[in-house]
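S.K.: just a sequence and a predicted model for now, questions to come.
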Amino acid sequence: MIPYDRLLEFFWQNHEPCEKAWSRQYQAILFFGDASQQQAAQRSAAKVHEAEGQTIRTEVVPLTKFFVAEDYHQKYALRQQRELMTQLRQFFADEAEFRESPLAAKLNAYCAGDLRFEDLRAAIAPLGFEALGNGSLRGIRRAG
């Protein structure tokens, strides 16, 4: 579990809060689920506003309905590894299983640069898989 405050830090570090989106579909929006999250989100937005000295264009709004992104947006960094993706398809019955897979999540984090190879190996071992290679991630196989 990741604390909401840590998600807020990550959120503000990974987009430009003062830029106007070129369409509503790609607008940066910060969602909150309850009063505690609302307060934290608003505090974090105020802090960013103070640091930037400009208008923050990121909206802070309640989460009312969740829509799963299109498949091509799911596990984006991993999908860029075409050879690995070809190999991985055998492990998943369909796109939904791939999207929800802890294995795919860990591999995506590694491909995006958010997980070291040693940590990837440790994270996928309990899932019954091994990462092959010395960091180049030439393949994944079922352990045993």
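M.R.: That came in fine, so what should we check first?
S.K.: what about Arg121, helix or strand, and which?
M.R.: Using DSSP states H and E, Arg121 sits within helix 117-124.
S.K.: tell me where this structure has strands.
M.R.: Using DSSP state E, the strands of the chain run over residues 29-32, 59-62, 129-132, 139-142.
S.K.: buried residues, the longest helix anywhere in the chain. List them.
M.R.: Longest helix of the chain, by residue count under DSSP state H: helix 35-52. Within helix 35-52, the residues scored as buried using 16 or more other Cβ atoms under 10 Å are Gln37, Gln38, Ala40, Ala41, Ser44, Ala45, Val48. In short, each C-beta sits where N, CA and C put it, glycine included.
S.K.: likewise stretch 11-31?
M.R.: Those would be Phe11, Trp12, Pro17, Ala28, Leu30, for stretch 11-31 by 16+ other Cβ under 10 Å.
S.K.: list the buried residues in stretch 52-60.
M.R.: Buried-residue list, stretch 52-60, by 16+ other Cβ under 10 Å: Ile56, Thr58, Val60.
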